[in-house]
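Student: got a predicted structure here, sequence first:
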Amino acid sequence: MNTTLWVVVACASACTALSALVPPPASRMWRVDTLELRRRRRSIEVLTANVRPAAHKPPRPNPAEDGQGRARP
């Protein structure tokens, strides 16, 4: 029992130390992936900065209604 407890404690300590020292998988991106992500973010920034909103156009009148939204007789 005593040996089993020490083995469990040693394994738990090793796992804790490894998880603290090894970076998470998300940060291990390839260099090409990182460059592509930067390019994509930059292109989105440029597009957002240069896009002009469409001019607001008033709604087209419905020929079946008069000018105040009432149906014509």
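Tutor: Cool, the structure landed.
Student: so where's this structure shaky on pLDDT?
Tutor: 1, 23-29, 53-59, 61-73 (pLDDT under 70).
Student: show me where it has its helices.
Tutor: Per DSSP state H, the chain carries helices over the ranges 2-21, 31-50.
Student: between those helices, which gets nearest to Arg60?
Tutor: helix 31-50 (29.4 Å; C-beta to C-beta). Quick note: C-beta positions are derived from backbone N, CA and C, even for glycine.
Student: got the CA coordinates for that closest one in CSV?
Tutor: What follows is helix 31-50, C-alpha atoms only, in CSV (Å, rounded to 0.1, in the frame of the first residue of the first chain):
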residue,chain,number,x,y,z
ARG,A,31,5.6,29.4,-38.7
VAL,A,32,3.7,29.3,-42.0
ASP,A,33,0.4,29.1,-40.1
THR,A,34,1.3,32.1,-37.9
LEU,A,35,2.2,34.2,-41.0
GLU,A,36,-1.0,33.2,-42.7
LEU,A,37,-3.0,34.2,-39.7
ARG,A,38,-1.3,37.6,-39.5
ARG,A,39,-2.0,38.1,-43.3
ARG,A,40,-5.6,37.3,-42.8
ARG,A,41,-6.0,39.6,-39.8
ARG,A,42,-4.3,42.4,-41.7
SER,A,43,-6.5,41.9,-44.8
ILE,A,44,-9.6,42.1,-42.6
GLU,A,45,-8.3,45.3,-41.0
VAL,A,46,-7.6,46.9,-44.4
LEU,A,47,-11.0,45.8,-45.8
THR,A,48,-12.8,47.1,-42.7
ALA,A,49,-11.0,50.4,-42.9
ASN,A,50,-11.7,50.9,-46.6
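Student: on that earlier part again, tabulate the helices of the chain (TSV), appending distance to Arg60.
Tutor: Below are these laid out as TSV (distance: least, C-beta to C-beta, whole Å):
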stretch	distance to Arg60
helix 2-21	63
helix 31-50	29
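Student: as a markdown table, those helices with mean neighbour count would be great.
Tutor: Formatted as a markdown table, those follow (neighbours: other C-beta atoms under 10 Å):
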| stretch | mean neighbour count |
| --- | --- |
| helix 2-21 | 9 |
| helix 31-50 | 10 |
